[in-house]
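>>> pasted the sequence and its predicted model underneath.
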Amino acid sequence: MNEGIASLDRDAVAARIASFPRVRARRPDLKQAAVAVCVTEVAGVPSLLITRRTARLRAHAGQWALPGGRREPGESAAQGALRELAEEVGLHLAPQAVLGELDDYVSRSGYVITPVVCWAGPVSDLSRSRAEVASVYQIPLADFDVEPRFIAIPESPAPVIQLPLLGGYLHAPTAAIVHQFCRAACRGLIERVAHYEQPVFAWR
């Protein structure tokens, strides 16, 4: 475990996220969405809440994802992220759990995704939405705080970003968001990720 992870706690993450110079995507023509970058603690180890979408969904079936979705009319990104956390995995957090936001990511499917960082601490009795979520995982942050793999594809000049996850790979937009979070929260670094590409299977 690197030194940044070993000393990571709520106060450290809150301070780094509060000072993060977030970049907004000014695209009111696109659908607005929010995802929860939710830090939990498993036996004192900072972890990230990740879901696997069900195979029955029309969009992005079976893919890894952060809890989230399209924002409702008049809803802020933070409100949307907390609502989706409650709906998808049964985790109800107060607004005070929100630490800040990362850069917007514009997806190939026409969404502006705003990542909302929140700290849940130790959690138990998560209850997934069986219609949307096949499984829920709490993955140690140290597993994500690694150098990404970049893949060139003929369909785009931008590299596809991948992060290792349970014997496979996490792809953008989730991989890009998680990578930026780890750089900011674990290392106090600023790295822009909006240009990293999604795999072609996730474009629709």
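Right, received. Where do you want to start?
>>> how about the helices in this protein?
3-6, 10-18, 77-89, 141-144, 174-181, 187 (DSSP state H).
>>> looking at the chain, which residue lies furthest from center?
residue 154 (26.4 Å; CA atoms, centre = their mean).
>>> could you export stretch 137-155 as PDB, CA atoms only?
Listed in PDB are the C-alpha atoms of stretch 137-155, where the atom choice follows Å, rounded to 0.1, in the frame of the first residue of the first chain:
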ATOM      1  CA  TYR A 137     -18.400  -4.400  -4.400                       C
ATOM      2  CA  GLN A 138     -16.200  -2.400  -2.000                       C
ATOM      3  CA  ILE A 139     -12.800  -2.400  -3.700                       C
ATOM      4  CA  PRO A 140      -9.700  -1.100  -1.800                       C
ATOM      5  CA  LEU A 141      -8.600   2.200  -3.200                       C
ATOM      6  CA  ALA A 142      -5.000   0.900  -3.400                       C
ATOM      7  CA  ASP A 143      -6.200  -1.500  -6.100                       C
ATOM      8  CA  PHE A 144      -7.200   1.500  -8.300                       C
ATOM      9  CA  ASP A 145      -4.300   3.800  -7.400                       C
ATOM     10  CA  VAL A 146      -2.100   2.300 -10.100                       C
ATOM     11  CA  GLU A 147      -0.800   3.300 -13.500                       C
ATOM     12  CA  PRO A 148      -3.600   2.800 -16.100                       C
ATOM     13  CA  ARG A 149      -3.300   0.800 -19.200                       C
ATOM     14  CA  PHE A 150      -3.900   2.700 -22.400                       C
ATOM     15  CA  ILE A 151      -5.100   1.000 -25.600                       C
ATOM     16  CA  ALA A 152      -5.100   2.500 -29.100                       C
ATOM     17  CA  ILE A 153      -8.200   1.900 -31.300                       C
ATOM     18  CA  PRO A 154      -8.700   2.700 -35.000                       C
ATOM     19  CA  GLU A 155     -12.000   4.400 -34.300                       C
END
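>>> avg pLDDT for it?
Mean per-residue pLDDT for stretch 137-155: 96.
>>> cool, stretch 20-27 as well?
Regarding stretch 20-27, the rounded mean pLDDT is 97.
>>> next, the distance between the ends of it.
Using CA to CA, to the nearest Å, the end-to-end distance of stretch 20-27 comes to 21 Å.
>>> mind listing residues that contact it?
100, 101, 102, 103, 104, 105, 106, 112, 184, 190, 192, 194 (CB atoms under 8 Å, 6 or more residues apart in numbering). Just so you know, the C-beta spots here come from the backbone N, C-alpha and C atoms, and that holds for glycine as well.
>>> and if you look at stretch 83-90?
Around stretch 83-90, the neighbours that count as contacts under CB under 8 Å, 6+ apart are 34-36, 38, 49, 51, 67-69, 72, 75, 91-93, 118, 125-129, 132-133, 136.
>>> list buried residues within the residues you listed.
Restricting those to buried positions leaves 34-36, 38, 49, 51, 67-69, 91, 93, 118, 126, 128-129, 132-133, 136, with burial counted as 16 or more other CB atoms under 10 Å.
>>> what about those, which are in strands?
With strands identified by DSSP state E, the entries of those that belong to them are 34, 35, 36, 38, 49, 51, 68, 69, 118, 133, 136.
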